[in-house]
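Peer 1: Generate coordinates for the sequence data below:
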Amino acid sequence: MPTSDASAGVVLDVDYRAGCFELVLVNSGAETAREVAVKFSKKLVGVGGGVVVSELAVWTGLGTMRPGKEIRVFYDTAPNVFHRRGKNDFTATVTWTTAEGDHKAAYRHDLDVYRDMPEVVPDRR
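Peer 2: Below you'll find the model as predicted:
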């Protein structure tokens, strides 16, 4: 499979805001991506331990992503992630097809790098 290029770059990123992690799948390329699928290097159990986020249908059943399309999936809160045993790293391998052929890209993420990020805590008086 050719590696991703400028025609359709489908990316799986992690967004960290207000103490929460989201997995963000986006087509940052100029072409529609078809047969989009994401495979995770390990099981990602999130939402307080109640959902295997890495096994959601969105990662394998997404047929088409237009250019600019973004899908955000809540993973878990920082306290839940950081209280787990072991490393909080994973690799997401994304595959997709365009008119130019098949594409594949791997994205490594380590959530532990966010552990010491300062947070703004709202005043709740």
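Peer 1: which stretch of helix or strand covers Val36?
Peer 2: Secondary structure assigned from DSSP states H and E places Val36 in strand 33-40.
Peer 1: list the contacts for Glu55?
Peer 2: Shown in contact with Glu55 (CB atoms under 8 Å, 6 or more residues apart in numbering): Lys43. Any C-beta I mention is one placed from the backbone N, CA and C, and that applies to glycine too.
Peer 1: now Ala106
Peer 2: Contacts of Ala106 (CB under 8 Å, 6+ apart): Thr91, Ala92, Thr93, Val94.
Peer 1: Surely it forms part of a strand?
Peer 2: Yes. Under DSSP: H, G, I helix; E, B strand; the rest coil, Ala106 falls within a strand.
Peer 1: which ones are touching Glu70?
Peer 2: Val24, Leu25, Val26, Asn27.
Peer 1: I'd guessed the third one sits against Asp13; true?
Peer 2: Meaning Val26. Yes. Counting by CB atoms under 8 Å, Asp13 is a contact partner of Val26 at 7.1 Å.
Peer 1: Of those two, give the one with the bigger neighbour count.
Peer 2: Val26 (17 against 14; other CB atoms under 10 Å).
Peer 1: The more buried one pairs with what?
Peer 2: Beta-bridge pairing for Val26 (DSSP bridges): Val11, Glu70.
Peer 1: next one: Phe90
Peer 2: Counting by DSSP bridges, Phe90 forms beta bridges with His109.
Peer 1: doesn't Val81 make contact with it?
Peer 2: No. Applying CB under 8 Å as the test, Phe90 and Val81 come out as separate, 11.4 Å apart.
Peer 1: Excluding chain neighbours, what is closest to the residue nearest to the spatial centre of the chain?
Peer 2: Centroid-nearest residue in the chain: Leu23, 3.3 Å away (criterion: CA atoms, centre = their mean). The shortest distance from Leu23 to any non-neighbouring residue, by CB to CB, 6 or more residues apart in numbering, is to Val73 (4.7 Å).
Peer 1: the inter-axis angle of the helix or strand where the one you found lies versus strand 33-40?
Peer 2: Element membership for Val73 (DSSP H and E) is strand 70-77. Interaxial angle of strand 70-77 relative to strand 33-40 (axes from the mean of the first three to the mean of the last three CA atoms, to 10 degrees): 10 degrees.
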